[in-house]
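Trainee: Could you work out the structure for the sequence below:
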Amino acid sequence: MLRSELPSSEYNPFYQTYLLALDDVDLIQELNRGRDEFTTLLEGVPESKLGYAYGEGKWTLAEVLLHIMDAERVFQYRALCFARNDKTPFPGFDQDEYVPESNASARTKDDLLQEYKAIRESTLCLYNSFDEEVLKRIGMASGSQMSVRAMGFIISGHQAHHLKIIRKKYL
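Mentor: Modelled structure (predicted):
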């Protein structure tokens, strides 16, 4: 399924920024490509850069990396629930509450890389198990209708969005 095939009725307009960070890509191919891009980027980051923040009150690089992982876990869980026809509406999550609790300053590059790979492989296993019918299932998250397929593209686009910022402001 291509991003251009995703109707705007299947996600909150807030996520448009993330979707626009992607070309007209196939969902599974983009999840794989994004995994490779993130892994290559992180492997090239000096350990000393993980504690760097480009301004006062800005997150450190390690915090941004963990934020990407936290968001993927949240969207992955929502996708699983909607795929299984769970009708429970999900509240939003406050990223600014998660980051201070992430213990990012105690993490090593190798630790972050290992965790990221596990999360993305889990996302890929989950999305590879979905057929077209499941991808179109809808649930409620953050007060808006969201489809399983929209969450996959949001996972990819959210990461792409933050990788652009990392390259521009952190590296």
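Trainee: Please state the offset of the longest helix seen in the chain from the chain centre?
Mentor: Across the chain, the longest stretch assigned as helix under DSSP state H is helix 61-83. Offset of helix 61-83 from its chain centre (Cα atoms, centre = their mean, to the nearest Å): 5 Å.
Trainee: elements contacting that helix?
Mentor: helix 95-98, helix 109-128, strand 138-141, strand 144-147, helix 148-165 (3 or more Cβ pairs under 8 Å, 6 or more residues apart in numbering; DSSP states H and E). C-betas here are computed from N, CA, C, even on glycine.
Trainee: and the ones you listed, which is most packed in?
Mentor: Comparing the helices and strands packed on helix 61-83 by mean neighbour count (mean count of other Cβ atoms under 10 Å), helix 148-165 comes out on top with a mean of 23.
Trainee: doesn't Glu10 make contact with Ser144?
Mentor: No: using Cβ atoms under 8 Å as the test, Ser144 is too far from Glu10 to be in contact (9.4 Å).
Trainee: picking that back up, and Thr39, which of the helices and strands packed on helix 61-83 is closest to it?
Mentor: Thr39 lies closest to helix 109-128 among the helices and strands packed on helix 61-83, at 6.8 Å (Cβ to Cβ).
Trainee: Downstream of the closest one, the next helix or strand is which one?
Mentor: Later in the chain than helix 109-128, the nearest helix or strand by DSSP states H and E is helix 132-135.
Trainee: Can you spell out which helices and strands pack onto that next one?
Mentor: Using 3+ Cβ pairs under 8 Å, 6+ apart, the elements in contact with helix 132-135 are helix 148-165.
Trainee: just the angle between the helix it packs on and helix 109-128, please?
Mentor: Interaxial angle, helix 148-165 versus helix 109-128 (axes from the mean of the first three to the mean of the last three Cα atoms, to 10 degrees): 150 degrees.
Trainee: In terms of secondary structure, what does helix 148-165 contact?
Mentor: Partner elements for helix 148-165 (3+ Cβ pairs under 8 Å, 6+ apart): helix 16-20, helix 27-44, helix 61-83, helix 109-128, helix 132-135.
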